[in-house]
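Novice: Kindly generate the corresponding structure for this input.
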Amino acid sequence: MPVLVSLQMAHCEINTIADDTFLSRGSLNYLDLSYNNIPRITDKTFLGLTNLVSLQISGNPHCELSEKTFDSLSNLQELYIAEMDLERLLPVMFTNLKHLRLLDVHGNKIWKIEFDFGAVFPNLQHLDLSRNLLKGLPKRYNDTFSHLTTVKMSGNPLQCNCEIRWLKHSTKKALDPEYASDALVCYGPERLKYAPILRVPDLEFKCVAPQIVNCTTETYVVMETSSLRMWCELGGYPYPDVTWTRYDGKNVEFTYENTSNYYVSRTGSLDIFNVSKADDGTWTLGASNSIVSSSEHQSANGGTVIHKAPDHVNPNPANITPADNDKTDDDSDEDKPTNRTKMEDEDGGGMNMMMIAGAGGGGLLVIVLIAVIVYCVKSKTNRSTTGIMTTLGGRKSRTSAWDRTIHGIEQVHGIEKSMG
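Specialist: Below is the predicted model of the structure:
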């Protein structure tokens, strides 16, 4: 029976892969799943591929990779994860790839390298970082690059400052050709834009120490569980790295994902999504770049947070209105004013008179008030008696209710005269 050694399924519109798909395909050496629509690759997707040498999963946009996706591929030598919208590379993802010789991550959104490739990949020879969002590369990568056969970094928005001066003097075999279409060129500053790095004079690779131009030194009184944003305007070249420090010494730095309660953006603002008692106090912002190290960074107060616990107010019995238990059967729907009457109250003086009655509080004034309300309603009703009777038809009970009200008013007037 033939043994399956190579499997190519590129451009096949694959949109899912079951965890046990390759469990019985241990003979595979080459697997190509590139340019499909695979949304997720878990730590079980490649189980069983212990002999895999080359894996291509490039071109699966927004594909989510588990931290242990490649753990079972201990013999892998070539890994292509280009054009996948990756924003970061975590060293924990490549722990078991000690035999890797080629890593291709071109065309992603990586803007910062967070680990030493030489330490993670001791046998790495070819690295493609082209067409990402890298603006610089610290000098500590010099030793790693010197041991690589090829390094591609073209298409990155490199800022030609003191941070990347070492690239010019690095071993030339680790740089793109000077005049080729993929030459390593400056993207900034403006005066050096598109200039090949190998042709830029050393004195032009300039840096500016970080500056904290302005900070929101306000005092924020924030309710518990509310959100809050504090910001500072920064300067410096290259743009400084930012660290916010809480009163108790807890540091919050830039993270690629806002999965925790804190998020520091690339521009330095601090978001607290769920303010708690622990956030009380003054927060301090620190900024550092290639000129000023983190131990010597510039700092400033970024704002003071005063946590306010939510109010839990128990009802005051004196403020509770007792239920109306004296309601009789006579208080039926037919005695309630119609929608027409409600609208007339809003337009007329009925509501205003009610407010006057509340302010005066006299018994006689209340009697006069009721009479005025009835008079206003009745006078308006008389102007359209015919129309009302035509519209309501047989619903005479509503008119009789008003008659009963007027009759009651007349009785009140009689009592008042007898008392006088």
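Novice: looking at this, residue 242 is in a strand?
Specialist: Yes - with DSSP: H, G, I helix; E, B strand; the rest coil as the criterion, residue 242 is assigned to a strand.
Novice: and it, bridged to which residues?
Specialist: On the basis of DSSP bridges, residue 242 takes part in beta bridges with residue 287.
Novice: Residue 140 - that's part of a helix, no?
Specialist: Yes - the assignment for residue 140, made by three-state DSSP, places it in a helix.
Novice: how about it, what does it touch?
Specialist: Shown in contact with residue 140 (Cβ atoms under 8 Å, 6 or more residues apart in numbering): residue 116. For the C-beta atoms, the positions are set from N, CA and C on the backbone; glycine is no exception.
Novice: can you pull the pLDDT of it?
Specialist: pLDDT for residue 140: 82.
Novice: Flag the shaky bits of the stretch 101-250 of the chain, pLDDT-wise.
Specialist: Applying pLDDT under 70 to the predicted model, the residue ranges of the stretch 101-250 of the chain that meet it are 171-182.
Novice: quick one: the strands in it?
Specialist: The residue ranges that make up the strands of the stretch 101-250 of the chain, judged by DSSP state E, counting those that start in this stretch, are 102-104, 126-128, 150-152, 208-215, 219-223, 228-230, 232-237, 241-245.
Novice: Would you reformat the ones you listed as JSON lines and include distance to residue 144?
Specialist: Below are the strands of the stretch 101-250 of the chain laid out as JSON lines (distance: least, Cβ to Cβ, whole Å):
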{"stretch": "strand 102-104", "distance to residue 144": "12"}
{"stretch": "strand 126-128", "distance to residue 144": "9"}
{"stretch": "strand 150-152", "distance to residue 144": "9"}
{"stretch": "strand 208-215", "distance to residue 144": "26"}
{"stretch": "strand 219-223", "distance to residue 144": "44"}
{"stretch": "strand 228-230", "distance to residue 144": "37"}
{"stretch": "strand 232-237", "distance to residue 144": "25"}
{"stretch": "strand 241-245", "distance to residue 144": "21"}
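Novice: between the ones you listed, which one is nearest to residue 16?
Specialist: strand 102-104 (24.0 Å; Cβ to Cβ).
Novice: Show me what that closest one is in contact with.
Specialist: The list of residues contacting strand 102-104 from outside it, by Cβ under 8 Å, 6+ apart, reads 58, 77-82, 117, 121, 124-128.
Novice: domain assignment for the chain?
Specialist: Here the domain assignment for the chain is 6-204, 208-307, based on the TED database.
Novice: got the end-to-end distance for the first one?
Specialist: Spelled out, it's domain 6-204. Distance across domain 6-204, first residue to last, is 50 Å (Cα to Cα, to the nearest Å).
Novice: quick one on the thing from earlier: a markdown table for the strands of the stretch 101-250 of the chain, including mean neighbour count?
Specialist: Written out in a markdown table, the entries for these read as follows (neighbours: other Cβ atoms under 10 Å):
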| stretch | mean neighbour count |
| --- | --- |
| strand 102-104 | 20 |
| strand 126-128 | 19 |
| strand 150-152 | 19 |
| strand 208-215 | 17 |
| strand 219-223 | 14 |
| strand 228-230 | 17 |
| strand 232-237 | 19 |
| strand 241-245 | 21 |
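Novice: who wins for proximity to residue 199 among the ones you listed?
Specialist: Nearest to residue 199, of all those, is strand 150-152, at 18.5 Å by Cβ to Cβ.
Novice: neighbouring strands for the closest one, and are they parallel or not?
Specialist: Each strand pairing with strand 150-152, determined using DSSP bridges, is listed with its direction: strand 126-128 (parallel).
Novice: Check what contacts the strand it pairs with and list those residues.
Specialist: With contact meaning Cβ under 8 Å, 6+ apart, strand 126-128 is reached by 82, 101-106, 117, 148-152.
Novice: how near is residue 109 to residue 41?
Specialist: Distance of residue 109 to residue 41, given as Cβ to Cβ, to the nearest Å: 18 Å.
Novice: quick one: which of these two has more around it?
Specialist: Comparing residue 109 with residue 41 by neighbour count (other Cβ atoms under 10 Å), the higher total belongs to residue 41, at 21 against 13.
Novice: List the contacts of that one.
Specialist: Residue 41 is in contact with 17, 57, 63, 64, 65, 66, 69, counting by Cβ under 8 Å, 6+ apart.
Novice: Just put those residues in CSV and tack on secondary structure and distance to residue 242.
Specialist: Formatted as CSV, the entries for the contacts of residue 41 read as follows, by DSSP: H, G, I helix; E, B strand; the rest coil; distance: Cβ to Cβ, whole Å:
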residue, secondary structure, distance to residue 242
17, coil, 39
57, coil, 34
63, coil, 30
64, strand, 27
65, strand, 27
66, coil, 29
69, coil, 31
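Novice: who wins for neighbours among those?
Specialist: Comparing the contacts of residue 41 by number of neighbours (other Cβ under 10 Å), residue 57 comes first, having 25 neighbours.
Novice: check contacts around it.
Specialist: 33, 34, 38, 41, 63, 80, 81, 84.
Novice: so how far is residue 252 from it?
Specialist: 33 Å.
Novice: just residue 42 next, same as before
Specialist: Here residue 42 is placed at a distance of 30 Å from residue 252 (Cβ to Cβ).
Novice: do the same with residue 288
Specialist: Residue 288 sits 15 Å away from residue 252, going by Cβ to Cβ.
Novice: Would you check which pair of the contacts of strand 126-128 lies furthest apart?
Specialist: Comparing every pair within the contacts of strand 126-128 by Cβ to Cβ identifies 82 and 149 as the most remote, at 18.5 Å.
Novice: quick one, which of those two is more surrounded?
Specialist: More neighbours surround residue 82 than the other of residue 82 and residue 149, with 21 against 13 (other Cβ under 10 Å).
Novice: was I right about the more buried one contacting residue 63?
Specialist: No - no contact is recorded between residue 82 and residue 63 when judged using Cβ atoms under 8 Å, the distance being 11.4 Å.
Novice: returning to that earlier point: narrow the contacts of strand 102-104 to those in helices?
Specialist: Secondary structure assignment by DSSP state H places residue 117 of the contacts of strand 102-104 in helices.
Novice: Considering the contacts of strand 102-104, which possesses the most neighbours?
Specialist: residue 81 (26 neighbours).
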